[in-house]
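Enquirer: Let me see the structure of the following:
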Amino acid sequence: MESTSLPQKIHISSATYDALLTDDAYEIEPRGEIEVKGKGKMKTYWLLGNKNYSVQNDSLVCHWNPAISKKNSEKSKQTELLPDVDN
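Expert: Sure thing, here's the model as predicted:
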């Protein structure tokens, strides 16, 4: 399904559509019939989102930046080597 999708879109099959219909929480839009490699013509849909979520949940998204981590690590090492001087 990914190869026939569009950027930033979730393309689902009719089987997935049928499974999601049991829960009224999903917004789904028909895409129409398209040629799917190895499957032939299939009726497909766009999954637009979940009606119960108005804000994107990015709690599982990794925000780690190796360049920043290395920079912070080097600063930490430098401060450990400096003597603690109180005037």
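
Enquirer: so what pLDDT did residue 64 get?
Expert: We have a pLDDT of 68 for residue 64.

Enquirer: Can you show me the helices along the chain?
Expert: All helices of the chain, identified by DSSP state H, fall at 14-21, 66-81.

Enquirer: rank these by pLDDT, which is bottom?
Expert: helix 66-81 (a mean of 62).

Enquirer: Pull the number of nearby residues for residue 19.
Expert: The tally of other residues near residue 19 (other C-beta atoms under 10 Å) stands at 12. Placement of C-beta: from N, CA and C, glycine included.

Enquirer: how near is it to residue 47?
Expert: Distance, residue 19 to residue 47, by C-beta to C-beta, to the nearest Å: 11 Å.

Enquirer: For the residue nearest to residue 20 when sequence neighbours are not counted, give me its contacts.
Expert: Setting aside the residues directly before and after it, residue 20 is nearest to residue 26 in space (C-beta to C-beta, 6 or more residues apart in numbering), at 4.7 Å. Applying C-beta atoms under 8 Å, 6 or more residues apart in numbering, we find residue 26 in contact with 20, 47-51.
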